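> model this:
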Amino acid sequence: MLSSRLIVFLRGASLAVLLMAAGCQTAPPVQEMSDARQAITVAKEAGAAEHAGDDLNAAVDFLKSAEQALGSQRYARARRDALQAKSKALEALRRSEIEQEENP
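This is a model prediction of the structure:
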């Protein structure tokens, strides 16, 4: 049987973990936004507008959505959309590089 001190400790530790997790979710997604912007910039510089326009446009749209959510303090939505923007930008970069290799 667990001692009452151990039970109190475990409850306190569980509460601390929950509070830390909640704190992480309420923080603005600064790094994710920065990563998305940088990925879009790199994709544009690599010619993605010409070779992978649909993916690049999707990345820009996700970033705009993330910026709107950030302005409304909907940080979970902003984080999700920023991650999607980065993913789409990296896909645009990849497609652009492949297209340029196949058609120099």
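
> list the residues that contact the spatially most central residue of the chain.
The centre of the chain sits closest to residue 83, judged by Cα atoms, centre = their mean, with a distance of 2.3 Å. The contact partners of residue 83, taken as Cβ atoms under 8 Å, 6 or more residues apart in numbering, are 32, 36. Where C-beta positions appear, they are placed from N, C-alpha and C, glycine not excepted.

> then residue 53?
Residues counted as contacts of residue 53 (Cβ under 8 Å, 6+ apart) are residue 92.

> before we move on, the earlier item: report pLDDT for the residue nearest to the centre of the chain.
Looking at residue 83, its pLDDT is 97.

> how much space between it and residue 95?
19 Å (Cβ to Cβ, to the nearest Å).

> next: residue 84.
For residue 84 relative to residue 95 (Cβ to Cβ), the value is 16 Å.

> for residue 75, same thing?
For residue 75, the distance to residue 95 - Cβ to Cβ - is 30 Å.

> give me the below-cutoff pLDDT ranges for this protein.
Counting by pLDDT under 70, the ranges of the chain that qualify are 1-10, 12-13, 15-25.

> distance of residue 98 from residue 66?
In terms of Cβ to Cβ, residue 98 sits 27 Å off from residue 66.

> compare the two (neighbour count), which wins?
residue 66 (27 against 12; other Cβ atoms under 10 Å).

> excluding chain neighbours, what is closest to the more buried one?
residue 81 (3.7 Å; Cβ to Cβ, 6 or more residues apart in numbering).
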